[in-house]
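attaching a predicted model along with its sequence, questions to come.
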Amino acid sequence: MKPIRYTMIGSGTLVPDIERGTASHHLQCGDIHVLVDLGFGTLRRMTGLGLPLGALDVVAISHRHQDHFADLLPLLFTLRHLPGERRVEPLALVGYPDFGADLDRLENIFGDWVIDPGFPLDVWEAADTPIEIERDDAVVEINAYPVVHSPEAVGYRFTLGVAGREVVVAYTGDTEESEEAIALARDADLLIAECSVADGLQAPGHMTPRAVGRVAAAAAVKRLAVAHFYPSVLALGWDEIERRIREAYHHGPIELGADGLEIDL
Ligand SMILES: [Zn+2]
Ligand SMILES: [Zn+2]
C-alpha cells in the first residue's frame, strides 16, 4: 500500500537549538511530496532525515517569519545547481496573500533564478486555493485558511488521497487560539499545532498547551501533534505539557513533537 506519511522536520522556533530545527513539516502522499514551511536550516535537516530535496512537488509557506520562510531561496538555488541532478518537473509554491509579489521583490534583488530556476515554478497564493496536485493514483488538495498571527499568516488543510483512501491533515502555522484555527482543524485526522509558550505568559499570536487542547477539542481532531516550542513551554516538561492539553482534549492520541517524528496515516 502506498504511504500517507507525516514527518516533523523541525519542532523548534527561531531560538537556535541543536535538538530542534525551525518550523518545517513533510507530507508524503503516494509519490507526491509536500514540504510545509522551511525555516532556516531545513535543507540540512531534511538531508539528515533522508528526505530528498529533488523529490519535492509542493512547497507551502504559512507566513513571512524567517523560522518558516528562510530556506526558500536556498532551496530554489540548490535545486537549480545540484550536481548530477537536472530537475525538469514543475515545483508548486503555495503561499500567503501577496506571496507572488514577495517573489518578484526577491527576484529584483537576487536575480532571475528566483522565479526561473531552470524548471517550471507554479506560484499560487491563498486566494487561489483549493488547488489540486495529482500523480498516478495520488491526489493532494491544498486549502489555505487565515489565522491570527502576522497579518499575512495562513494555516493549511491538506486532503491526501491514495487509491480511494483519504486523510485530512491540518497545520496551524503560527496562530493564536481562534475560531479560524478551529475551522482549519475541523474533524482532521491529524492536527499539527503550534504550542509556543507556557500558559499565563503574554504571547499574542501564539498558543499555550491549554489553548491547543481547547482548539483540538473544539475541532474534534482525531490525533494531535504539537510543535514550535519556545523555552518557556519546554521548561514545563512533557508530562505537564500533555496534562494541560488533556484538560480539554480527549478525542485521540497526542504526539509531543521532536525532529524526525514520523506518523503513518
Ligand atoms: Zn511567526
Ligand atoms: Zn514561528
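Right, received. Where do you want to start? Ligands and ions are numbered 1, 2, ... in the order given.

is any part of stretch 181-192 close to ligand 2?
No - counting by Cβ under 5 Å from the ion, ligand 2 has no neighbours in stretch 181-192; the shortest distance is 12.9 Å. C-betas here are computed from N, CA, C, even on glycine.

quick one: that stretch to chain centroid distance?
Computed by Cα atoms, centre = their mean, to the nearest Å, the chain-centroid distance of stretch 181-192 equals 13 Å.

that one: end-to-end distance?
11 Å (Cα to Cα, to the nearest Å).

what of stretch 27-36?
Start-to-end span of stretch 27-36 (Cα to Cα) is 8 Å.

show me what counts as buried in it.
27, 28, 29, 30, 32, 33, 34, 35, 36 (16 or more other Cβ atoms under 10 Å).

of those residues, closest to ligand 1?
residue 36 (13.9 Å; Cβ to the ion).

show me the beta-bridge partners of the closest residue in space to that closest one that isn't next to it in sequence.
The spatial neighbour of residue 36 that comes closest, neighbours along the chain excluded (Cβ to Cβ, 6 or more residues apart in numbering), is residue 25 at 4.3 Å. Beta bridges link residue 25 to residue 8, residue 36 when assigned by DSSP bridges.

can we start the residue count at 741 from this point?
Shifting the count to begin at 741 puts that one at residue 765.

can you report how many residues lie near residue 765?
27 (other Cβ atoms under 10 Å).

circling back: run through the buried residues of stretch 767-776 and flag the ones next to ligand 1.
Of the buried residues of stretch 767-776, not one also sits near ligand 1 (Cβ under 5 Å from the ion).

hmm, which two among the residues you listed are most spread apart?
770 and 776 (16.9 Å; Cβ to Cβ).

mind listing what the residue nearest in space to the middle of the chain touches?
Centroid check for the chain by Cα atoms, centre = their mean gives residue 776 as the closest residue, at 3.3 Å. Each residue near residue 776 by Cβ atoms under 8 Å, 6 or more residues apart in numbering is listed here: 764, 765, 766, 767, 799, 800, 802, 896, 898, 911.

contact residues of the chain facing ligand 2?
Counting by Cβ under 5 Å from the ion, the chain sits next to ligand 2 at 807, 914.

need the strands for the chain, in chain order.
Ranges of strands in the chain, per DSSP state E, are 744-750, 764-769, 772-778, 798-800, 831-835, 861-865, 871-875, 878-886, 894-902, 905-911, 930-934, 964-967, 994-996, 1002-1004.

residue 785: which of the ones you listed is closest?
Between those, strand 744-750 lies closest to residue 785; by Cβ to Cβ that is 5.2 Å.
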